[in-house]
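Student: Generate a structure from the sequence data that follows.
(one chain, ligands or ions: 1)
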Amino acid sequence: MLEARDVTVRFGGLTAVDAVSASFMPGELVGIIGPNGAGKTTFFNAISGVQPLTDGRLMCQGHDLTGSRPHRYAAHGVARTFQTPRVFGDMTVLDNIAFGLKFAGRRPRKYILWGEEKDVPWALRDASSILQLIGLSAQAGLPAAAITPSQQRLLEIGMALGTRPRLLLLDEVAAGLTEAEIEDMARLIGRLRDELDLTVIWIEHAVTTLLRHVERVIVLHQGRKIADDTPANVVRNPEVIEAYLGDEMAEPETVASTRTEEAAA
Ligand SMILES: Nc1ncnc2c1ncn2[C@@H]1O[C@H](COP(=O)(O)OP(=O)(O)OP(=O)(O)O)[C@@H](O)[C@H]1O
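Tutor: Numbering: from 1, shown residues only. All right, here's what the predicted structure looks like:
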């Protein structure tokens, strides 16, 4: 679905993302973790066309999108959320979703996947069905500014879904949520991936929850990729423990719970 080859982003003398290579396959749910300032958001900005690369290449479904503007990434099915939800506060929840649908362009019921025209999944056919999918139907007529912060995060995901993506990039969608809300969010993300056949890349600081829900984790540290592995292997990786997780994540219980989930998957 997407391949990053030696992606590098420098801001003056600071290398925020340092030759990161990674491939994301159709239908994968991948987490990205790392300490503050590790380069996670900058990497996201790079792979959605928001941040020009200093070096490296980005391939999306076989197309070279290096240097393209964000709308070309959107046209190739890449959608994202931002760390701070960007919803239109004075528009209704329904109209916010309708805005995303308009952005999807002139062929509202079709999208291109691997060069073939496909029907849009039924759940993404209009704004009401997207609201139902993300559980916000009851809030449809409210101004977006009047719903709770966790509902605003859901709304932003709904707006991204309105562009009929194949690849969904989620930047800390669980930030500021309660533990129960984080768990609900993780379940929703898994369900969206399954029902819409999406590739999902998810940056999150709520690491324990993330590790229980993703199949693969990429760990960034000081702009470099230091691990790209299953959750069970990542929590035992000495470099990851040293740079980010600390010893408690490598306790037998955490390893066992991530292993059990991998086996169940
Ligand atoms: N536009 C910018 N100009 C200059 N430096 C920047 C810019 N954006 C990010 N940086 C720097 O790049 C580095 C990586 O930042 P980035 O926001 O990508 O990290 P992060 O892993 O997402 O952090 P967090 O978990 O705190 O969100 C940091 O040192 C940051 O200060």
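Student: from memory Thr163 sits against Lys102, does it?
Tutor: No - applying C-beta atoms under 8 Å, one finds Thr163 not in contact with Lys102, separated by 9.5 Å. Bear in mind the C-beta positions are built from the backbone N, C-alpha and C, glycine included.
Student: Of the two, which one has the most company?
Tutor: Using other C-beta atoms under 10 Å as the criterion, Thr163 and Lys102 rank with Thr163 on top: 22 against 12.
Student: for stretch 162-181, which positions count as buried?
Tutor: 162-175, 177, 181 (16 or more other C-beta atoms under 10 Å).
Student: which one of the residues you listed sits closest to the ligand?
Tutor: Of all the buried residues of stretch 162-181, the ligand sits closest to Glu172, with 7.0 Å by C-beta to the nearest ligand atom.
Student: Can you give the domain ranges for this protein?
Tutor: Taking automatic domain parsing as the domain assignment, the ranges for the chain are 2-77+166-264, 89-162.
Student: Out of these, which is closest to the ligand?
Tutor: domain 2-77+166-264 (3.3 Å).
Student: With mean pLDDT and distance to the ligand as new columns, can the domains of the chain be given to me in TSV?
Tutor: Shown next, in TSV, are these (pLDDT from 0 to 100; distance: least, C-beta to the nearest ligand atom, whole Å):
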stretch	mean pLDDT	distance to the ligand
domain 2-77+166-264	89	3
domain 89-162	83	16
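Student: Would you mind saying which of those lies nearest Gln83?
Tutor: Set against Gln83 and scored by C-beta to C-beta, the domains of the chain come closest in domain 2-77+166-264, at 5.0 Å.
Student: Strands - which of the buried residues of stretch 162-181 land there?
Tutor: Leu167, Leu168, Leu169, Leu170, Asp171 (DSSP state E).
Student: any idea which of those residues is closest to Val200?
Tutor: Once C-beta to C-beta is applied, the member of these that ends up nearest Val200 is Leu168, at 4.9 Å.
Student: Pull the residues that contact the longest helix anywhere in the chain.
Tutor: The helix that spans the most residues within the chain, counting by DSSP state H, is helix 179-196. Helix 179-196 has contacts (C-beta atoms under 8 Å, 6 or more residues apart in numbering) with 27, 29, 121, 123-124, 133-135, 150, 153-154, 157, 161, 168, 170, 173-174, 177, 198-200, 202, 206, 209-210, 212-213.
Student: So which residues of the chain form strands?
Tutor: 2-11, 14-24, 29-33, 55-60, 63-64, 78-80, 110-113, 116-119, 167-171, 199-203, 216-221, 224-229.
Student: quick one: contacts for Lys225?
Tutor: Val20, Ser21, Ala22, Ile218, Val219.
Student: May I see those organised as CSV, with neighbour count added?
Tutor: Formatted as CSV, those follow (neighbours: other C-beta atoms under 10 Å):
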residue, neighbour count
Val20, 24
Ser21, 13
Ala22, 19
Ile218, 23
Val219, 25
